[in-house]
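>>> structure, please.
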Amino acid sequence: MTSRTIDWEAIHRRLELAAIAITGGNGHGPEEVRRVLEARARAAAHPPTQADEAEQIEILAFTIAGETYGVETHYVREACQLKDLTFLPCTKPFLAGVMNRRGQVLAIVDLRKFFELPARGLTELSRVIVLRGSNSELGLLADTIEGVRTVIVSDLQEGLPTLTGIRERFLKGVTGQMLAVLEGGRLLMDASLKINEQVD
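Purely as a prediction, here's the structure:
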């Protein structure tokens, strides 16, 4: 009999994202959570349809500057509240600073400035979406976390006239509900989003 290693970290991450999806980040009680989970279980018990059999991706949806974006949950380590942000001089304008996350320094990117969107300023409700790759982590600022959604890959449109320039470079596609799905891997690999400048 072969032994199989259980990725507990991945399981905990999916549970955290499920909690965000159920509560919308508002912290509903256990009764409400159980009710939503039971409803989802009943829906999952139905026979699969043609749409169910199509290739799907799971995304975490969030808003910035009044627009809705999403990134595949495969790249999402966690979503948390922004706190103790430390500004760093001599960095690019879209690098908001760094945050101490359980002893690790995490670079925080303001996508509003990176995508040249209208900036509304940080509030107490600002959230950070922590992306993780094979050897890098990155925090993305968000106004709100909308929850986890399933998107059918074939339904993604290539883009919109308003999504041009740098936003188009990181775009995986746009849903019919005007949700722009970003390429999480491309964001993690982009050198301009890393804090590597030195003060002279």
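>>> what is the neighbour count of Ala107?
Around Ala107 there are 19 other residues, counting by other Cβ atoms under 10 Å. Using the backbone N, CA and C atoms, a C-beta is placed for each residue, glycine as well.
>>> likewise the one 5 residues further on?
By other Cβ under 10 Å, 20 other residues sit near Arg112.
>>> show me the domain layout of this protein.
7-46, 54-193 (automatic domain parsing).
>>> would you single out the least confident of the ones you listed?
Confidence, taken as mean pLDDT, is least for domain 7-46 of these (a mean of 62).
>>> how about the strands in the protein?
56-64, 67-72, 76-81, 95-101, 104-109, 127-132, 137-142, 144-152, 171-174, 180-182 (DSSP state E).
>>> could you export those strands as JSON lines, including distance to Met189?
Formatted as JSON lines, the strands of the chain follow (distance: least, Cβ to Cβ, whole Å):
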{"stretch": "strand 56-64", "distance to Met189": "19"}
{"stretch": "strand 67-72", "distance to Met189": "14"}
{"stretch": "strand 76-81", "distance to Met189": "16"}
{"stretch": "strand 95-101", "distance to Met189": "16"}
{"stretch": "strand 104-109", "distance to Met189": "13"}
{"stretch": "strand 127-132", "distance to Met189": "11"}
{"stretch": "strand 137-142", "distance to Met189": "10"}
{"stretch": "strand 144-152", "distance to Met189": "22"}
{"stretch": "strand 171-174", "distance to Met189": "14"}
{"stretch": "strand 180-182", "distance to Met189": "13"}
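>>> what about those, which gets the closest to Leu17?
strand 144-152 (5.3 Å; Cβ to Cβ).
>>> and that closest one, which residues are buried?
Ile145, Glu146, Gly147, Val148, Arg149, Val151 (16 or more other Cβ atoms under 10 Å).
>>> can you list the strands that that strand pairs with?
When sheet partners are counted by DSSP bridges, strand 144-152 sits next to strand 56-64 (antiparallel).
>>> got the contact list for the partner strand?
17, 20, 68-74, 76, 79, 111-112, 115, 117, 127, 129, 140-153, 179, 181 (Cβ atoms under 8 Å, 6 or more residues apart in numbering).
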